[in-house]
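Chemist: Fold the following for me, if possible:
(chains A and B)
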Amino acid sequence: GDSVTQMEGPVTLSEEAFLTINCTYTATGYPSLFWYVQYPGEGLQLLLKATKADDKGSNKGFEATYRKETTSFHLEKGSVQVSDSAVYFCALRSGGGGNKLTFGTGTQLKVEL
Amino acid sequence: DVKVTQSSRYLVKRTGEKVFLECVQDMDHENMFWYRQDPGLGLRLIYFSYDVKMKEKGDIPEGYSVSREKKERFSLILESASTNQTSMYLCASSLERDLTDTQYFGPGTRLTVL
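Modeler: Residues are numbered from 1 along each chain as shown, chains lettered A, B, ... in the order given. Sure thing, here's the model as predicted:
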């Protein structure tokens, strides 16, 4: 079945540092890939998505590229801010999964001054 | 903007009580979902619905039921709450059923069962 593996957190960075959160997946067919973000005390909101191989999703300075050859969708940001502190979830949806979203376990990011 | 609202942010119930969690979306979305979120486990799908009066089991439906009498409202029911149902419950909705569609989430209900 479908699965998503994310790096363990928490990840603690200083402001303006470079961020990478790794995400790899297993899925049947050609899934769509998503990054969701959950700020403290809130629900999840879509950060970015990519729907086919080599697509790059981007939003708010975050980027992720759909790499079919390595089954990866790593999240990156060149310079993080304190306001980026949140939990980040990688997710996929594939036809083999009944069009349901399958989530990773989440990675908590803490950005300090 | 899509808005998904949940009836309570925090709820405390006793073991054996019947619990109703309500979710309402205001964008005429066809699809609605209930997840629970637990540390180290991410989000797990409990039930979902593609249409009024329709429901389908997700990955962890045991101990839960749902009701969708109106398009905008999707209720999660714990028939007899147990302590292992203490969790954060998240509702979501989406417009389409294709693989690229975005799910929009409510703020969550943190349920504690004593």
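Chemist: strands paired with the helix or strand of chain A with the lowest mean pLDDT, and their directions?
Modeler: Ranked by mean pLDDT, DSSP states H and E, the helix or strand of chain A with the weakest confidence is strand A:101-103, at a mean of 90. Strand pairing for strand A:101-103, using DSSP bridges, gives strand A:86-93 (antiparallel).
Chemist: any idea of the mean pLDDT for the partner strand?
Modeler: Throughout strand A:86-93, pLDDT has a mean value of 94.
Chemist: gap between it and the chain center?
Modeler: 5 Å (CA atoms, centre = their mean, to the nearest Å).
Chemist: residue ranges of the strands in the chain, please?
Modeler: Went with chain A since none was named. Secondary structure of chain A (DSSP state E): strands located at A:3-6, A:11-14, A:19-21, A:23-26, A:32-38, A:44-50, A:56-59, A:62-65, A:75-77, A:86-93, A:101-103, A:107-112.
Chemist: nope, chain B please
Modeler: Under DSSP E, chain B gives strands at B:4-6, B:10-13, B:19-25, B:31-38, B:42-49, B:56-57, B:65-70, B:73-78, B:87-94, B:104-105, B:109-113.
Chemist: how distant is the second one from the center of its chain?
Modeler: Relative to the mean C-alpha coordinate of its chain, strand B:10-13 is positioned 15 Å out (CA atoms, centre = their mean).
Chemist: ditto for the first one
Modeler: Relative to the centre of its chain, strand B:4-6 is centred 10 Å away, using CA atoms, centre = their mean.
Chemist: again, but for the last one
Modeler: Here strand B:109-113 shows a centroid-to-chain-centroid distance of 12 Å under the convention CA atoms, centre = their mean.
Chemist: what residues does chain B put near chain A?
Modeler: Contact residues (CB under 8 Å from any CB of the partner chain) of chain B with chain A: B:4, B:33, B:40-45, B:48, B:58, B:90, B:92, B:97-108. (Each C-beta comes from the backbone N, C-alpha and C, glycine too.)
Chemist: So in terms of bridging, what pairs with the residue nearest the centre of chain B?
Modeler: Centroid-nearest residue in chain B: B:Trp34, 2.6 Å away (criterion: CA atoms, centre = their mean). Beta bridges link B:Trp34 to B:Tyr47, B:Cys91 when assigned by DSSP bridges.
Chemist: Now whatever residue is furthest in space from the centre of chain A. Nearest residue, chain neighbours left out?
Modeler: Farthest-out residue of chain A from its mean C-alpha position, per CA atoms, centre = their mean: A:Leu113, at 23.4 Å. If the residues on either side of it in the chain are set aside, A:Leu113 comes closest to A:Glu15, at 5.6 Å by CB to CB, 6 or more residues apart in numbering or on different chains.
Chemist: ok, now which ones touch B:Thr102?
Modeler: By CB atoms under 8 Å, 6 or more residues apart in numbering or on different chains, the contact list for B:Thr102 reads A:34, A:46, A:49, B:94.
Chemist: repeat that with 7 Å
Modeler: B:Thr102 makes contact with A:46, A:49, B:94 under the criterion CB atoms under 7 Å, 6 or more residues apart in numbering or on different chains.
Chemist: now residue 112, nearest residue through space, not along the chain?
Modeler: Answering for chain A, as no chain was given. Excluding its sequence neighbours, the residue lying closest to A:Glu112 (CB to CB, 6+ apart) is A:Ser14, at 5.8 Å.
Chemist: that's the wrong chain, I meant chain B
Modeler: Nearest one to B:Thr112, counting by CB to CB, 6+ apart, is B:Val12 at 4.8 Å.
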